[in-house]
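Participant: Show me how the following folds:
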Amino acid sequence: MKTALITGANKSIGFETARQLLQHGYYVYLGSRDRLKGQQAVEQLQAEGLSAVELLLIDVNNLDSIKAARETLGQKTPVLDVLVNNAGIGGNLPQEAISTDISLFRQIFETNYFGVIGVTQAFIDLLRLSPEPRIVNVTSGLGSLELHNDPTWPYYAVKPACYVSSKAALNAYTIVLAYELRDTPFKVNAVDPGYTATDFNGHSGPGTVPDAAARVIKAAMLGPEGPTSQFFSDDNAPETGISPW
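Facilitator: Residues are numbered from 1 along each chain as shown. Below is the predicted model:
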């Protein structure tokens with residue numbers, strides 16, 4: 001049975017990603033920084049008959065928590081097949097490049113960028129032991145620099161400075177990581193789940209959580225011939241599914 005770790009998985013897209021991976025026969029470690037909420041999420045999945053799931057306490061903003069989570073997971077499984085870096089925050093609005101306090105930039109980068117790096121580096125040894133390791137970095141269409149410079153793009157005027165910058169940085173990290181792992185069985189990709197109705201955006205998005213999670217699942221389950229170092233986005237590139245960086 002393949003194993004997967006999903007950060008920020010106690011609710012929303014992360015939770016639905018856990019559900020769908022379980023339905024595909026994976027053993028899922030549901031990452032949550034809150035023990036109670038994480039355990040409630042696990043129990044909900046188990047109540048649905050999806051028993052191959054357990055809580056893994058992990059706060060991506062805390063290196064000690066990440067290290068403890070790695071130690072715990074290493075005692076449970078000798079190998080990790082899939083890492084979904086899902087945990088992320090949007091931050092308060094407005095976010096203007098000139099006037100927003102730098103502390104908000106730091107706060108958002110801590111989760112959306114440095115958190116991903118910390119988790120990836122901590123669990124890379126377990127992933128290397130998988131015959132088909134997959135890393136999925138959940139990003140946003142707002143992380144595309146090319147589209148942000150295109151006045152015809154539908155979201156051209158949507159530019160929350162902290163969030164956009166953090167996701168663009170995450171995309172850059174994805175490219176570099178994929179390059180370093182290019183001659184290995186790894187597939188490393190960024191996935192835009194789309195403008196989805198969640199707590200993240202006050203349920204303002206037109207997309208559904210199951211559809212968003214399905215996009216993540218597709219990258220998590222890529223076969224040996226699947227692509228790496230791609231930015232998947234059905235919203236930004238409905239014909240090809242590959243967004244410009």
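Participant: where exactly do the helices run in this structure?
Facilitator: Assigned by DSSP state H, the helices in the chain fall at 12-23, 35-47, 63-76, 102-109, 115-128, 145-148, 161-180, 209-220.
Participant: Please name every helix or strand in contact with the first one.
Facilitator: With contacts taken as 3 or more C-beta pairs under 8 Å, 6 or more residues apart in numbering; DSSP states H and E, helix 12-23 sits against strand 3-6, strand 27-32, helix 35-47, strand 82-85, helix 209-220. The C-beta positions use only the backbone N, C-alpha and C, and glycine is treated the same way.
Participant: Kindly recompute the last result at 6 Å.
Facilitator: Other elements packing on helix 12-23 under the criterion 3 or more C-beta pairs under 6 Å, 6 or more residues apart in numbering; DSSP states H and E are strand 3-6, strand 27-32, helix 209-220.
Participant: wait, which of the ones you listed is closest to residue 131?
Facilitator: strand 3-6 (12.3 Å; C-beta to C-beta).
Participant: which parts of the closest one are buried?
Facilitator: Neighbour-count burial for strand 3-6, counted by 16 or more other C-beta atoms under 10 Å, picks out 3, 4, 5, 6.
Participant: Kindly report the same for stretch 54-71.
Facilitator: 55, 56, 57, 58, 59, 60, 61, 66, 68, 69, 70.
Participant: now what about that stretch, what contacts it?
Facilitator: Contacts to stretch 54-71, defined as C-beta atoms under 6 Å, 6 or more residues apart in numbering, come from residues 7, 29-31, 33, 35, 38-39, 42, 87, 110-111, 115, 118-119, 122-123.
Participant: next one: stretch 73-82
Facilitator: 2, 3, 4, 123, 126, 127, 129, 130, 134, 220.
Participant: pLDDT (mean, whole number) over it?
Facilitator: Averaging pLDDT along stretch 73-82 gives 98.
Participant: Does residue 88 touch residue 110 like I think?
Facilitator: No. Using C-beta atoms under 6 Å, residue 88 is not in contact with residue 110; the gap is 10.9 Å.
Participant: Show residues contacting stretch 109-122.
Facilitator: Stretch 109-122 is contacted by residues 60, 61, 63, 66, 70, 85, 88, 89, 137, 166, 169, 170 when judged by C-beta under 6 Å, 6+ apart.
Participant: got the end-to-end distance for that stretch?
Facilitator: Terminal residues of stretch 109-122 lie 18 Å apart, using C-alpha to C-alpha, to the nearest Å.
Participant: Give me the distance between residue 22 and residue 96.
Facilitator: Counting by C-beta to C-beta, to the nearest Å, the gap between residue 22 and residue 96 amounts to 41 Å.
Participant: oh, I was asking about residue 53
Facilitator: 41 Å.
Participant: more neighbours, these two?
Facilitator: Neighbours were counted for residue 53 and for residue 96 using other C-beta atoms under 10 Å; residue 53 has more, 24 against 11.
Participant: Tell me who's in contact with the closest residue to residue 52 other than its chain neighbours.
Facilitator: Counting by C-beta to C-beta, 6 or more residues apart in numbering, the nearest residue to residue 52 once its immediate chain neighbours are dropped is residue 27, at 4.5 Å. For residue 27, the contact set (C-beta under 6 Å, 6+ apart) comprises 1, 3, 52.
Participant: at 10 Å instead, please
Facilitator: For residue 27, the contact set (C-beta atoms under 10 Å, 6 or more residues apart in numbering) comprises 1, 2, 3, 4, 21, 51, 52, 53, 54, 76, 77, 81.
Participant: Kindly state the pLDDT recorded for the fourth one?
Facilitator: Same thing as residue 4. 99.
Participant: Run through the residues that contact it.
Facilitator: Shown in contact with residue 4 (C-beta under 10 Å, 6+ apart): 17-18, 21-22, 24, 26-31, 53, 80-84, 134, 136, 217, 220-221.
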